[in-house]
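Novice: build the 3D model from these lines:
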Amino acid sequence: MAMPDSGQPHEAGGGGWIILGVLNEILLKLASQPDLRSLWEEVCSSARWIVPSQRLCVVLGNEGGGARIAARYERGNFEYGAPEGGGVVVDAWMVAALEAQRAAWFKGPWAEAREADQARAWLLAEDPDVVFHVPIQVYKKTIGTMLFALEDQRQIDRKALASATTYALYVGATYTMLKNSLDLAAASAQLREQNEELERVQIELRRQLDRVRAQHEAMLEMSTPIIQVWDSVLTLPVIGTVDGARAARMMEEVLAAVVQHGARFMIVDLTGAQATDASTIEHLLRIFAATRLLGSRCIVSGVPAAMVGRILEVGGSLEGIPVFSTLKSALEHVMGALRQRPR
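Specialist: Have a look, this model is predicted:
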C-alpha cells in the first residue's frame, strides 16, 4: 500500500498557542482521573484546546507488536476503544506513527489508507487535509500516538507542535502511572482474594480435622467397650488391629475400669483381633501385665491361630495367664471361681 505523504509542521501557520496556565490546569485534570476510560476522555476533551481537530484517535502499541485503539473523539463525542471490528491495528500506516520519535503529519490522498481498516476509515471519514500524529512517550520510548484529523494543514505550526508535544509527554507519564497503579490495585485485590480464599480453606480444613479427630475419639471409645458381665467381672472384646493410639486408650480404660469396679477378673477376648505386626502383640502383652499389677486376674479367650505365631516370634509369653478358646469357656471358668470363693 502506498504511504501518504508525511512531513513536519512549518514555522508559520494558524495553530493556537496554549498558555502555560491553561496547560497546567489541563495536566492537573489528567492527574485526577480514577480510571483509564476517564483518563482518555479527559485527554481527548482537553486536546481540543491544543490542536483543534475534526477527529482524534489515540492508538497504543501492544507489547507483542501491532497496536490497539484506546479512544476516539469527534466534536464532543467520546468513544472508548475502537469501532466494532477495528480494534487491532497492524498495518504500516499506524506502525509508522508509533515508531516516530517526534510529531509529524500524514497527507492524502486517502483512498487506499481509508480502506485499510475500520479504525482508519473512522479517522478519515471527513476527508481531512492532513493527519497530525504526536508520539506518546515514556522515558524516550514511544508507547502510543495521538492522531488528529485536521481540516487544514495550517492549523499546525511550531507553537502548536510545542504544546502538543508537551501535552503528549505528560499524557504518557500520567497513563503509565495510572495503569501501574490500577495494575497494582488489581494485583493487590487478587492477592487479597487469594488470601481470603486460603483462610477459608484453612478454616474448612481445621473444621474437617476437628471432625476427623472427634470421629477418631468416638471410634477409640467404641473400640474399647469394657463390659461388666458380673459383679467384679469385666470383659474387653478386642476387634481389629491395635495400634499405638488405640493401645494407649485401651490401657487407660482398662486400668480405670479395674479400679472403679474393684474387678477381680478381666477377660480379654481376642476372637476378633488381628495380629498384623509385632507391635500389636507387644501392646496386648503390656495390657495383660498392667491388669495383673492392679490385683485383677487377667484371662484371655479366643486367641487367633495367627496371633499365636506372632506371640512366639516376638518372644512373648502368656505364662500364668489362663487362656481359653472361647469367651463362653472363659466366663464359665470365672463363674466357677466365684462360686468356690464368694466375695
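Novice: could you give the number of residues near S325?
Specialist: By the measure other Cβ atoms under 10 Å, the count of residues near S325 is 11. C-beta coordinates here come from the backbone N, C-alpha and C atoms, glycine included.
Novice: my guess is it contacts P304. True?
Specialist: No: using Cβ atoms under 8 Å as the test, S325 is too far from P304 to be in contact (10.7 Å).
Novice: mutual contacts of those two, please.
Specialist: Contact with both S325 and P304 is made by no residue, according to Cβ atoms under 8 Å, 6 or more residues apart in numbering.
Novice: the spatially most central residue of the chain and A185, how far apart?
Specialist: Centroid check for the chain by Cα atoms, centre = their mean gives Q194 as the closest residue, at 4.1 Å. Applying Cβ to Cβ, to the nearest Å, the value for Q194 to A185 is 15 Å.
Novice: same deal with R37?
Specialist: In terms of Cβ to Cβ, R37 sits 15 Å off from A185.
Novice: higher neighbour count, the two?
Specialist: More crowded of R37 and A185, by other Cβ under 10 Å: R37, with 14 against 10.
Novice: A helix includes the more buried one, no?
Specialist: Yes: under DSSP: H, G, I helix; E, B strand; the rest coil, R37 falls within a helix.
Novice: list the beta-bridge partners for the closest residue in space to it that isn't next to it in sequence.
Specialist: Spatially, and ignoring its direct neighbours in sequence, R37 is nearest to Y80 (4.9 Å; Cβ to Cβ, 6 or more residues apart in numbering). Beta-bridge pairing for Y80 (DSSP bridges): A71.
Novice: quick check, pLDDT for Y80.
Specialist: Listed pLDDT for Y80 reads 88.
Novice: could you pull up the contacting residues of it?
Specialist: When contacts are counted by Cβ under 8 Å, 6+ apart, Y80 touches R37, W40, E41, A70, A71.
Novice: what of N62?
Specialist: R68.
Novice: from E126, how far off is it?
Specialist: Distance of N62 to E126, computed by Cβ to Cβ: 28 Å.
Novice: where do the helices sit along this protein?
Specialist: For the chain, helices defined by DSSP state H occupy the ranges 20-31, 36-47, 92-99, 111-114, 118-123, 158-222, 244-261, 278-293, 305-313, 327-340.
Novice: now those as CSV including distance to L150?
Specialist: Output for the helices of the chain, formatted as CSV (distance: least, Cβ to Cβ, whole Å):
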stretch, distance to L150
helix 20-31, 20
helix 36-47, 12
helix 92-99, 15
helix 111-114, 15
helix 118-123, 11
helix 158-222, 10
helix 244-261, 86
helix 278-293, 92
helix 305-313, 99
helix 327-340, 106
